[in-house]
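Undergrad: model the following, please.
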Amino acid sequence: SVRRWTKTHDPAQIAEMGRYLGKISASYDEYGVCLLRSIFLFLEARDVKGAMAALKRCKKISDGAWRYSLGFLHAYRGDLRKAIQEYRNAMMLPIEPPVIAEVEEFICWVLDVEPNKYQLHYCLGFLNWKVKEDKVQTIKDFETFLSLGRKEEFTIERELAAKWISEIQAES
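TA: Numbers count the residues shown, from 1 in each chain. Presented below is the predicted three-dimensional model:
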C-alpha cells in the first residue's frame, strides 16, 4: 500500500496501511514494519513524534533508509542541524538504490501540499549536493530556500546555503 500511495497519493492507501499495521503488535520491531509505521504516523496525522519513536527502534539497523527518514522528520519540525546530522549518518550506511529518489520524491510531495515547510528545500539542496552530486539542482534548491520565509528564520542555514552556493560555483 505504500508503493500504491507513492504513485497515487490516495488517502485510501493510508487507511489501508493503518489496517495492515493494526494487525501487527505495537512491540513488533521488524525493520520494514518500523519504517512503514513511521510513514503511516506521519501521513495519517503528521504525528512527527510518533514517527520518530518508530524510527528510533531501528538504531541497531545498519541501513541508511531509516536515518534519511529521521532526518526528514527533524527538518519537517524545523531542526535543520539535526536533519543534516542524520543525513550525514545515513550517507555512511548502505541503502537500496531507489531510496534516495524516494526520499527526494517524498520531500517534493510534502512541499507541494505544505509549501510553508520551505526549509525542506535546504534538505533537497544538501541531498542533491552530497548524495546525488547534482550541482545544478543543488544551487536551485539552495536558492529557493534562500528566497522563501523570513530572513530571521534559519539564519545559520541561510549563511551555509549561501556559502555552499559560492563554493559550488567557484568549483565549476
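Undergrad: for the helix ranked longest in the chain, name the packing helices and strands.
TA: Scanning the chain for the longest helix, with DSSP state H as the assignment, gives helix 155-171. If contacts are counted by 3 or more Cβ pairs under 8 Å, 6 or more residues apart in numbering; DSSP states H and E, helix 155-171 sits against helix 80-91, helix 120-126, helix 135-147. (Each C-beta comes from the backbone N, C-alpha and C, glycine too.)
Undergrad: same list, the ones you listed, but as a markdown table with mean pLDDT and distance to Lys7 please.
TA: Formatted as a markdown table, the helices and strands packed on helix 155-171 follow (pLDDT from 0 to 100; distance: least, Cβ to Cβ, whole Å):
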| stretch | mean pLDDT | distance to Lys7 |
| --- | --- | --- |
| helix 80-91 | 97 | 24 |
| helix 120-126 | 98 | 21 |
| helix 135-147 | 98 | 23 |
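Undergrad: what's the most buried one of these?
TA: Neighbour counts (mean count of other Cβ atoms under 10 Å) averaged over each of these peak at helix 120-126, with a mean of 25.
Undergrad: please enumerate residues in contact with that helix?
TA: Residues from elsewhere that reach helix 120-126 (Cβ atoms under 8 Å, 6 or more residues apart in numbering): 71-72, 75-76, 80, 83-84, 87, 104, 107-108, 110-111, 137-139, 141-142, 144-145, 148, 154, 157, 161, 164.
Undergrad: kindly recompute the last result at 7 Å.
TA: Residues from elsewhere that reach helix 120-126 (Cβ atoms under 7 Å, 6 or more residues apart in numbering): 72, 75, 80, 83-84, 87, 104, 107, 110-111, 138, 141-142, 144-145, 148, 157, 161.
Undergrad: do the same with stretch 132-149
TA: Under the contact criterion Cβ under 7 Å, 6+ apart, stretch 132-149 has outside partners 100, 118, 121-122, 124-125, 128-129, 158, 161-162, 164-165, 168, 172.
Undergrad: most neighbours among those residues, which one is it?
TA: Highest neighbour count within these, by other Cβ atoms under 10 Å: Gly125, with 27 neighbours.
Undergrad: most centrally placed residue in the chain?
TA: In the chain, the C-alpha nearest the mean C-alpha coordinate belongs to Phe72, at 2.8 Å (Cα atoms, centre = their mean).
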